[in-house]
Every structure is written in C-alpha cells, then in structure tokens.
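# sequence plus predicted model, see below.
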Amino acid sequence: MTKDIIIIGGGPAGLTSAIYTSRARHSTLVIEEKAVGGQIILTTEIENYPGFPKGIMGPELGMLMEEQAKKFGTEIKYDSVKSINIDEKKVITEKEEYTCKAIIIATGATPSKLNLPKEEELTGRGISYCATCDGAFFKDQIVAVIGGGNTAVEEALFLTNFAKKVYLIHRRDKLRAEKCLQERLFEHDKIEVIWNTIVDSLEGDDSLKGINIKNKITGQISLLPLDGLFIFVGYTPKTEFLKGLLELDENGYIKVNEKNQTSIPWIFAAGDCISKPYKQIATAVGDGCTAALSAIAYLEGY
Ligand code: FAD
Ligand code: NAP
C-alpha cells in the first residue's frame with residue numbers, strides 16, 4: 001500500500017497530525033499498535049485541556065479525536081511498526097510494508113520501571129502501572145503509589161475511590177506535581193505521604209505481600225505490608241526501533257527542529273516521543289499540528 005503520509009502512533013499527537021494532513025487532501029494512514037487515543041485512554045478525567053471547562057474523560061477525548069481524523073479521510077490500521085527503510089521510504093510493520101512520501105512519528109512513551117528483582121514476575125500480581133485499569137481490584141485494601149509527579153498524585157487520588165489506605169512514597173521531600181493536585185493530596189484523609197523514601201525490595205512470590213522501604217536520610221529499612229503497588233516514576237519513549245536511523249537524545253527521545261523535523265528531512269516527529277520539557281495533551285496536539293504542517297509543506301515543495 002502507498003500513502004502520502006504515514007503516521008506512526010494514534011495518540012493525541014498522531015491524531016492531530018492526521019486531522020491536518022487528511023484535511024489538506026494528503027492520503028493519510030495512522031498505524032496504531034494498541035488502542036487509538038494513546039495514554040489518555042488510561043486516565044479518567046482531564047481538567048486542563050482547553051475547550052472542556054467541565055473536564056472530559058480521557059477515553060471520550062480520544063474517541064472524539066479519532067472521529068475528527070476519520071471525518072477527513074484518515075485511515076487507521078492496527079499493527080505494530082518494527083522499522084523504517086530509509087532508502088526506500090518504507091514503513092515495515094509486523095504484518096505489512098507500506099511506502100510513503102513522508103512519515104510522522106508519534107509513538108509516545110510507556111511507563112518506566114523501578115527495575116527491582118521480581119518486579120516483572122509480580123506485575124499483574126499486585127504491581128501495576130495503571131490505576132484506571134487495575135484500581136478496582138484493590139477495594140478496601142492497602143496500596144502504595146511510587147513517584148512525586150502529576151501522574152503519581154492524580155493516580156493516588158483516584159485510588160482512594162477503591163482502597164481503604166493509599167501511601168504515596170516519594171524519594172525527595174518535595175513533589176513535582178502541580179500545586180492544585182498537591183493540595184488535594186495533602187487534604188485527603190485516606191492518603192499518607194512517606195517522604196525521602198525509596199523501594200529497596202519487593203516481598204511476595206505468587207503475589208505482592210509488601211515492600212521494604214528505605215529512608216534515604218537515616219538509611220533505615222522497614223517492611224510495609226501492602227496489597228498493591230502502583231509505580232508512576234516517569235516514562236520511557238517508544239523509540240527503540242529508531243535507534244541508528246534517526247538522531248535521538250541521550251534518553252532515547254527524538255531530536256527535532258522548530259518545524260518538528262527529524263534528522264531525516266522527510267520524517268517528522270511529535271508528542272511525548274520527542275525531546276522536550278513538558279509532556280501534556282496540549283503540547284502533544286501542538287507538536288502534531290506543527291509536524292503535519294511541516295510535512296505538508298515538504299510534500300508541496302514550499
Ligand atoms: P501517546 O498518548 O503515548 O500515544 C502514542 C501512541 O503510539 C500509543 O497509542 C501507542 O500504542 C502507539 N505506538 C507506540 N509505538 C508504536 C509502534 N511501534 N507502532 C504503532 N503504534 C505505536 N496530560 C494532560 O495534558 N492532562 C492530563 O490530565 C493528563 N493525564 C494523564 C494521566 C495519565 C495516567 C498519563 C499516563 C498521562 C497523562 N497526561 C495528561 C499526559 C498525556 O496523556 C500525554 O502527554 C499524551 O497522551 C501524549 O500524546 P502522544 O500522542 O505523544 O503519545
Ligand atoms: P514525571 O513528571 O517525570 O515524574 C516522575 C516522578 O517519579 C518524579 O517525582 C521522580 O522523582 C520520580 N522518580 C523517577 N524515577 C524514580 C525512581 N527510580 N524511584 C523513585 N522515584 C522516581 O512523570 P509523570 O508524573 O508520569 O508525568 C509525565 C508527564 O506527563 C509530565 O510532563 C506530566 O506533567 C504529564 N502529566 C500531566 C498531567 C496533568 O497535567 N494533570 C497528569 C499526568 C501526567 P523526582 O521528583 O525526585 O525526580
């Protein structure tokens with residue numbers, strides 16, 4: 001199959017690009033390996049995306065973006081991109097090969113791990129990286145959240161809908177989450193914050209029984225019995241398949257110029273997978289728009 005523009009990833013960045021490129025009458029294919037909407041379908045209410053003063057649920061926003069892209073003729077295929085053949089301008093997926101004139105990479109990011117022994121074995125057996133997906137399994141139980149960013153704080157608040165007690169464990173004595181979220185966290189009577197603390201090791205074989213936590217100031221290690229552990233310690237860009245093809249920064253994020261153009265002139269990139277300081281839906285949408293307009297300008301020769 002040949003398309004003018006192939007967009008890899010169907011999150012907010014990719015779908016915004018698709019709205020612009022298909023509306024500009026360039027045949028557009030979005031390839032999405034999991035679910036259209038990207039990370040926003042993993043969250044509940046979004047309060048900071050303009051146009052929705054009463055907030056909007058993440059999955060609904062994802063569906064609206066998809067509907068808007070399809071309205072202008074975007075085609076969406078469920079498949080996983082494995083590589084790009086730079087010389088032949090081909091996108092190689094698990095199932096097929098597609099030729100195109102330009103590519104927009106919008107592959108986003110996945111949750112980072114703590115990389116502790118047994119973390120992988122206990123994932124789905126007490127350890128989770130998604131409160132929206134797994135929170136309901138912990139009704140009236142005790143859970144802990146690791147991290148001090150927006151995700152950790154929002155998800156800790158969300159988990160109070162199910163758990164009887166939520167610990168938020170942070171490695172410093174200050175959160176990086178927005179102040180309005182911090183206020184809600186500190187006011188909540190089900191949440192207890194444990195400062196200056198890291199997870200030293202995990203307890204449990206078939207399922208998580210608890211964690212050994214280490215106070216970074218005193219060095220003291222103590223056992224915290226738990227039913228669930230939710231890890232929100234940032235994200236890793238989904239750019240493995242681009243290594244050696246495009247310029248990436250030291251953390252694997254794609255380097256782009258002010259036109260969201262990568263080190264290959266006909267490949268553009270947008271959203272959480274690019275090297276930038278703020279990762280939000282609004283910034284992903286902005287990047288998606290810039291990448292699309294740049295790709296259109298490239299194809300139309302201006
Ligand atoms: P993503 O949303 O990550 O989408 C990338 C897509 O690409 C995914 O669907 C993925 O499956 C697909 N993909 C990846 N690799 C491949 C491949 N090789 N082949 C095919 N498809 C691929 N931001 C806010 O502004 N407000 C909020 O309230 C907010 N809440 C959040 C809550 C949570 C729990 C999380 C995790 C994030 C939240 N964010 C929020 C951040 C926001 O979701 C992201 O900044 C945004 O989704 C980034 O969009 P994106 O399109 O760049 O990437
Ligand atoms: P983040 O902002 O990168 O925060 C990660 C947190 O995990 C930090 O507090 C960090 O500690 C901690 N951490 C990192 N590695 C750790 C380790 N090995 N052990 C223990 N703690 C560790 O990630 P995020 O909260 O997932 O947010 C990602 C992006 O999405 C951000 O740009 C965020 O603004 C955005 N987002 C926005 C919203 C919203 O707008 N409402 C909601 C969710 C996410 P330090 O603070 O010490 O570095």
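That came through, no problem. Predicted model, so just to flag it, every value in this text is computed and none were measured. Numbers count the residues shown, from 1 in each chain. Ligands and ions are numbered 1, 2, ... in the order given.
# excluding its backbone neighbours, what's nearest the residue of the chain found nearest ligand 2?
Per Cβ to the nearest ligand atom, the residue of the chain with the smallest distance to ligand 2 is residue 149, at 2.3 Å. Yep, even glycine has a C-beta here, placed from its N, CA and C like the rest. Ranked by Cβ to Cβ, 6 or more residues apart in numbering and with sequence neighbours excluded, the top spatial neighbour of residue 149 is residue 176, at 5.2 Å.
# so that neighbour, which of the three states?
Using DSSP: H, G, I helix; E, B strand; the rest coil, the structure places residue 176 in coil.
# for it, grab the count of nearby residues.
Around residue 176 there are 13 other residues, counting by other Cβ atoms under 10 Å.
# likewise the one 4 residues further on?
Taking other Cβ under 10 Å as the criterion, the count of residues near residue 180 is 11.
# repeat for residue 177
Neighbours of residue 177 under the rule other Cβ under 10 Å: 21.
# chain neighbours aside, what residue packs nearest to it?
In this structure, residue 177 finds its nearest non-sequential neighbour in residue 153, 4.0 Å apart by Cβ to Cβ, 6+ apart.
# average pLDDT for whatever helix or strand residue 213 lives in?
Element membership for residue 213, per DSSP states H and E: strand 210-215. Averaged across strand 210-215, the pLDDT comes to 98.
# could you list every helix and strand in contact with it?
strand 197-203, strand 221-225 (3 or more Cβ pairs under 8 Å, 6 or more residues apart in numbering; DSSP states H and E).
# so what are the sheet partners of it and their directions?
Sheet pairing of strand 210-215 (DSSP bridges) gives strand 197-203 (antiparallel), strand 221-225 (antiparallel).
# next, format those as JSON lines and append distance to ligand 2, mean neighbour count and mean pLDDT.
Below are the strands paired with strand 210-215 laid out as JSON lines (distance: least, Cβ to the nearest ligand atom, whole Å; neighbours: other Cβ atoms under 10 Å; pLDDT from 0 to 100):
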{"stretch": "strand 197-203", "distance to ligand 2": "6", "mean neighbour count": "18", "mean pLDDT": "98"}
{"stretch": "strand 221-225", "distance to ligand 2": "15", "mean neighbour count": "12", "mean pLDDT": "98"}
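# between those, which one is nearest to ligand 1?
Checking those against ligand 1 by Cβ to the nearest ligand atom gives strand 197-203 as the closest, at 19.8 Å.
# quick one: contacts of the closest one?
Contacts with strand 197-203, where a contact means Cβ atoms under 8 Å, 6 or more residues apart in numbering, come from 114, 116-119, 122, 127, 146, 169-171, 208-216, 221, 223, 229.
# same check on stretch 259-271?
Stretch 259-271 is contacted by residues 9, 11-14, 16-17, 84, 86, 89, 101-108, 245-247, 254-256, 274, 283-284, 287-288, 290-292, 294-295, 297-298 when judged by Cβ under 8 Å, 6+ apart.
# cheers, nothing more for now.
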